[in-house]
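> got a predicted structure plus its sequence, pasted below:
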Amino acid sequence: MLSRNVYPQTRPGKWSVLLLLAVFVLLLVSALIVQSAQPFNFDTLFDNTWAAIVSMLAIAAALGAFVVGVYTILRNHERSVAVFFTVSLGGLVALFVLMQLFL
């Protein structure tokens, strides 16, 4: 049985991990949408409206997981590995978004 420090114990911690799982599911759905539209030869992601919407939802979920994870660590003193992993991946997505906006 795994240690207590692996899974989050607080409600916001569980939301943070669920949002991260939603990111992976949304990215998988986006990839499936893009693969199903191969005969149409779209040049960019934004030529396919559904894939763009799902990808933007994945980015929003990743940023939400980051914010909720940081809140959980600071306010509720959550110390689970899953929440720290969520914050690190969400932070990478936030860094990527900021670099795309300002560089």
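The structure has been received and is ready for your questions.

> what residues are up against the residue most central in space within the chain?
Nearest to the geometric centre of the chain sits residue 62, at 2.6 Å (CA atoms, centre = their mean). By CB atoms under 8 Å, 6 or more residues apart in numbering, the contact list for residue 62 reads 19-20, 23, 89-90, 93-94. Yep, even glycine has a C-beta here, placed from its N, CA and C like the rest.

> between the residues you listed, which is nearest residue 74?
residue 90 (14.2 Å; CB to CB).

> leaving out the residues flanking it, which one is nearest to that closest one?
Nearest residue to residue 90 in three dimensions, chain neighbours excluded: residue 66, at 2.6 Å (CB to CB, 6 or more residues apart in numbering).

> can you report how many residues lie near the one you found?
23 (other CB atoms under 10 Å).

> now residue 7: how far from residue 93?
22 Å (CB to CB, to the nearest Å).

> the two: which has the busier surroundings?
For residue 7 versus residue 93, neighbours defined as other CB under 10 Å are more numerous around residue 93 (19 against 14).

> where does the nearest residue to that one once chain neighbours are set aside land in three-state SS?
Take residue 93 and drop its neighbours on the chain: the residue closest to it by CB to CB, 6+ apart is residue 62, 4.0 Å away. Here residue 62 is recorded as helix under DSSP: H, G, I helix; E, B strand; the rest coil.

> ok, the one 5 residues further on next?
Under three-state DSSP, the three-state class of residue 67 is helix.
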